[in-house]
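*Asks:* take a look and give me a structure for this.
(chains A and B)
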Amino acid sequence: MTENVKPVSRRKFLEALGIAGFSTAVAAALASPGIAHRVNAEETAEGNHRWVMVIDLSKCIGCQYCVYACRAVNDTAEDMLWNVYTPDRTVTGQIFHMTRPCLHCQDPPCADVCPVHATYQRGDGVVVMDYDRCIGCRYCMVACPYDARRFNYSPRSDVNPYQPEYGVAEIERRPRGVVEKCTFCVHRIDRGLEQGLMPGVDRSATPACVNICPVQARLFGDLNDPESEVAKLIASTPTFKLKEDLGTEPNVYYIPAEGMVIS
Amino acid sequence: MTGAVMKKLPWLDMPLGLKIWIGLLGILLVIGVVCGVVVFAKGLGVTGLSHQIPWGLWIALDLSAISLGAGAFVLSAVVYLLNIKRFEGVARIAVLGGFLGYSSAMLALALDIGRPDRFWHPLVYWNVHSVLWEITMCVVFYFTVLALEIAVVVLESDVVKARWAAAPKAAHQLHRFTPIFALIGLVLSLLHQSSLGATYGIIAARPLWYNPSLPVQFILSAVAGGLSATLLVTLVVSLLRGKYVVKPGVLRDLALIAGAALLFYLYLKVWNWAATNYYSSLPATEAGLELLYQTSPYGATFWWVEVLIGGILPAIIYMWRRLRENDWMLMLAAALTIVGVVMLRWNTTISGLVVPLDWSPGTAFLFPRLSYTPTLIEIGAFLGIIAYALLGLTLGVRYLPIYPAADSVPAEH
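*Replies:* Model (predicted):
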């Protein structure tokens, strides 16, 4: 026993412990994925895909089947549509039909502001929510530039008329108190890929709104695959995205309606 | 025998006016609790909020309560870090105000979030990129600091001393850490008081919000508002007790600091308006303002309430010596500042949201005009939370050693 070594006092020890704990917390905070929220697609479980949708306004006839199909598959309430329809006019007065799902921004403001990472962007570009983590603060609704988000103000008790009477909805109803949004039917994408199907080509792996469109005004596919239909279309046709000036870089491309002026 | 027992009940010692006041607050508190229970049972469907306007009265209450509690960090820093002991007499009331302000905000938030059972999620699931996460962490830590600071006062009170002999010693031990509390409080407050403005200022989607000066406007107005709240309560208590509970000179100096903060705030506010509205014209901002003026009173209340009544008027009273020397004028100025500070929070929250989001420029006219009116349930809960804060203030000032007796000077009302 070395008697002359001064033992560390309890106070010193606690101080050291405190400093160590604090610096660990800071290091963890800085290293956490929150800062680098745009993850490299190749390193993720979703593989090297980038799912995009093309909406051709020159083809759309305004039947709203995409709205109904979304309601049936995702079991959304009447006043909480994930996919909405608005009739609009061009500057020359021609009617065209505007529909909008969630745009699945590459730089999503909703995911940035979420205090608990309940909304996040997957490696394949799809912006999804963890309904079990959402605290219902609604900051994402405030931050979304496209009004794409809906909040479950009350518990759901409505009967969904678009739901077939046989079987069950593909997606469970969301509980009271959480925000919800369009998912690009991510359950179909994931299940399809597992079965070796290609979303956008094989119907059971493709979003419901795309499948149902009677005039094929909606297309879906992998922009990272140059041979995909969407990639070819985007390469060959002039397209625009909503509110590009905000830098959100949506993954939904619009083909302008006839007579539409794009500045 | 019964007389001796009854004398111990503090309720019976109260003057009639105070009994009526507490009774009134009690009624509001009960209303608030009932409304709160309804909200928890039925969900936020009972509010006037919608998918387009998801924030309303309770968010404005959160922001206002936190800003009016800002006196705590300012005066703690002045007294315990800068060591200007002259202001020690108002430090404790500021800390009590901070404690009540922050706890009120947390009560309102508990009602306002859709899943109050998950209130702890931000502490576990971090998104350091979210300004709201930063605010949550700061508020939680700062509330802990305020609780420790107020614990010193509670331990020194006669009520606790009579029951726990070691209380003064414990209070003394805790009091030794006050400068550390003041330092942590200063850092946390500088962060979250401004971040509350950033909550709106960083939202590029809303042209009426997107603005780097909002965080600074929020902290400057919070300093003015927090000091004004401290000043107002101290003057009201002095009036009720018929003597100054702190030296009148201290109050005049407090008014000067609040006035200076108010002037800085006004300077920034008016320049912000000039830069974003008058000298420049961004299409999105112009369209947003046009819709705002057409559909709501928020454009008018900006100039009349935020700038004139809640800004310029109290600033004049605070800075003009002759007016500042008059206690009634000082109370008026403090009350007006509070009105202005609260109005900034309310207008910011609602005005950015009532302008509908268009998907592409020029399509805002396609959407139904939005409006928001709080429901009775929302108002009831709102009043209940305010009653809680006022009740805490009343009982705190009466039963805790908030105003040190040594500073008392006969009043000249």
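*Asks:* in contact with the closest residue to chain B within chain A, which residues?
*Replies:* Distances between chain A and chain B by Cβ to the nearest Cβ are smallest at A:Gly136, namely 2.1 Å. Quick note: C-beta positions are derived from backbone N, CA and C, even for glycine. A:Gly136 makes contact with A:Phe151, A:Gly177, A:Val178, A:Val179, B:Leu44, B:Ile113, B:Gly114, B:Arg115, B:Arg118, according to Cβ atoms under 8 Å, 6 or more residues apart in numbering or on different chains.
*Asks:* can you list these in a markdown table and add neighbour count?
*Replies:* Below are the contacts of A:Gly136 laid out as a markdown table (neighbours: other Cβ atoms under 10 Å in any protein chain shown):
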| residue | neighbour count |
| --- | --- |
| A:Phe151 | 25 |
| A:Gly177 | 22 |
| A:Val178 | 22 |
| A:Val179 | 27 |
| B:Leu44 | 24 |
| B:Ile113 | 20 |
| B:Gly114 | 22 |
| B:Arg115 | 20 |
| B:Arg118 | 21 |
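*Asks:* of those, which is the nearest to A:Ser236?
*Replies:* A:Val179 (37.2 Å; Cβ to Cβ).
*Asks:* list the residues that contact the closest one.
*Replies:* Taking Cβ under 8 Å, 6+ apart, one finds A:118-119, A:129, A:134, A:136, A:138, A:140-141, A:149-152, B:114 in contact with A:Val179.
*Asks:* list the contacts for the closest residue to chain A within chain B?
*Replies:* As assessed by Cβ to the nearest Cβ, chain A sits closest to B:Gly114 within chain B, at 2.1 Å. By Cβ under 8 Å, 6+ apart, B:Gly114 lies in contact with A:134-138, A:151-152, A:176-179, B:43-44.
*Asks:* what do you get for A:Arg133?
*Replies:* Neighbouring residues of A:Arg133 by Cβ under 8 Å, 6+ apart: A:Val116, A:His117, A:Ala118, B:Arg118, B:His121, B:Tyr125.
*Asks:* tell me the mean pLDDT for stretch B:293-307?
*Replies:* For stretch B:293-307, the mean per-residue pLDDT is 85.
*Asks:* now do the buried residues in that stretch.
*Replies:* Neighbour-count burial for stretch B:293-307, counted by 16 or more other Cβ atoms under 10 Å in any protein chain shown, picks out B:Ser296, B:Tyr298, B:Gly299, B:Thr301, B:Phe302, B:Val305, B:Glu306, B:Val307.
*Asks:* element containing A:Arg156?
*Replies:* A:Arg156 belongs to no helix or strand when elements are defined using DSSP states H and E.
*Asks:* isn't it right next to A:Gly177, touching?
*Replies:* No: under the criterion of Cβ atoms under 8 Å, A:Arg156 makes no contact with A:Gly177, lying 11.5 Å away.
*Asks:* nearest residue to A:Leu103 other than its sequence neighbours?
*Replies:* Excluding its sequence neighbours, the residue lying closest to A:Leu103 (Cβ to Cβ, 6 or more residues apart in numbering or on different chains) is A:Pro250, at 3.5 Å.
*Asks:* distance of that neighbour from A:Ser228?
*Replies:* Distance, A:Pro250 to A:Ser228, by Cβ to Cβ, to the nearest Å: 18 Å.
*Asks:* go on, B:Pro401?
*Replies:* For B:Pro401, the distance to A:Ser228 - Cβ to Cβ - is 74 Å.
*Asks:* okay, the two: which has more neighbours?
*Replies:* When neighbours are counted by other Cβ atoms under 10 Å in any protein chain shown, A:Ser228 comes out ahead of the other of B:Pro401 and A:Ser228, with 22 against 16.
*Asks:* OK, contacts around the more buried one?
*Replies:* A:Gly200, A:Val201, A:Gly221, A:Asp222.
*Asks:* I'd like to know which of the residues you listed are buried.
*Replies:* Looks like the contacts of A:Ser228 have A:Gly200, A:Gly221, A:Asp222 buried, using 16+ other Cβ under 10 Å.
*Asks:* closest to A:Lys232 among those residues?
*Replies:* Closest to A:Lys232, out of all of the buried ones among the contacts of A:Ser228 and judged by Cβ to Cβ, is A:Gly221, at 9.3 Å.
*Asks:* I'd assumed that closest one was in a strand, is it?
*Replies:* Yes: membership of A:Gly221 in a strand is supported by DSSP: H, G, I helix; E, B strand; the rest coil.
*Asks:* report pLDDT for it.
*Replies:* 97.
*Asks:* could you do A:Asp190 as well?
*Replies:* Looking at A:Asp190, its pLDDT stands at 95.
*Asks:* scan the contacts of A:Arg133 and report the most crowded one.
*Replies:* A:Ala118 (26 neighbours).
*Asks:* quick one: low-confidence ranges for the chain?
*Replies:* Using chain A here. Within chain A, the ranges that satisfy pLDDT under 70 run A:1-14, A:17, A:23-45, A:262-263.
*Asks:* wait, chain B
*Replies:* Using pLDDT under 70, chain B drops low at B:1-11, B:360-365, B:405-413.
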